[in-house]
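Participant: For reference, the sequence and a predicted model appear below.
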Amino acid sequence: MVQLSCEPCIDRTSYKLKAVLHGSSDDPFWQKLNASAHQSALDMRVNLELELYEPGGYNEDRMARDIKSTLNSDNIPDALIVTIPSVVVADAVKYVSEHGVPVFGLNSGYDAASGRGGVVDGGNVL
């Protein structure tokens with residue numbers, strides 16, 4: 001009988017992911033995404049920093065600052081997960097990417113996903 005194991009081949013416990021999303025903590029869509037992301041991080045044994053904006057707390061300038069602030073930390077994440085709801089945020093994403101942080105985008109709309117008006121780095125949509 002073959003025994004399968006769920007033990008990871010790679011020790012991922014030191015991996016740190018940070019997510020900066022334009023979602024609000026009172027929105028059911030973002031609440032579900034937040035819960036799913038945290039559960040996925042537990043399942044994959046990675047560290048995830050993700051806090052949704054409080055109701056009415058999101059604005060593009062604040063989000064851009066939050067994205068750029070990842071570079072000012074002593075604990076720069078191994079990857080950044082973002083939404084890109086505006087050009088201001090896209091500029092911040094590009095800035096962080098140019099400083100060596102891998103960036104993954106989600107729920108950013110057709111323009112960003114297709115690369116038209118979005119951030120594209122080395123052929124990869126961010």
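Facilitator: Okay, I see it.
Participant: Distance of the residue nearest to the spatial centre of the chain relative to Leu21?
Facilitator: Closest residue to the average C-alpha location of the chain: Ile81 at 1.3 Å, with C-alpha atoms, centre = their mean. Going from Ile81 to Leu21 by C-beta to C-beta, to the nearest Å gives 8 Å. No exception for glycine: its C-beta is placed from N, CA and C like everyone else's.
Participant: what's the overlap in contacts for those two?
Facilitator: Shared contacts of Ile81 and Leu21 (C-beta atoms under 8 Å, 6 or more residues apart in numbering): 50, 106.
Participant: Pretty sure Asn47 sits against Ala41.
Facilitator: Yes - Asn47 is within contact range of Ala41, at 7.0 Å (criterion: C-beta atoms under 8 Å).
Participant: So these two - more neighbours on which side?
Facilitator: Comparing Asn47 with Ala41 by other C-beta atoms under 10 Å, the one with more neighbours is Ala41, at 18 against 15.
Participant: where's that one, which helix or strand?
Facilitator: Using DSSP states H and E, Ala41 falls within helix 28-44.
Participant: Which neighbouring elements make contact with that helix?
Facilitator: Judged by 3 or more C-beta pairs under 8 Å, 6 or more residues apart in numbering; DSSP states H and E, helix 28-44 is in contact with strand 47-50.
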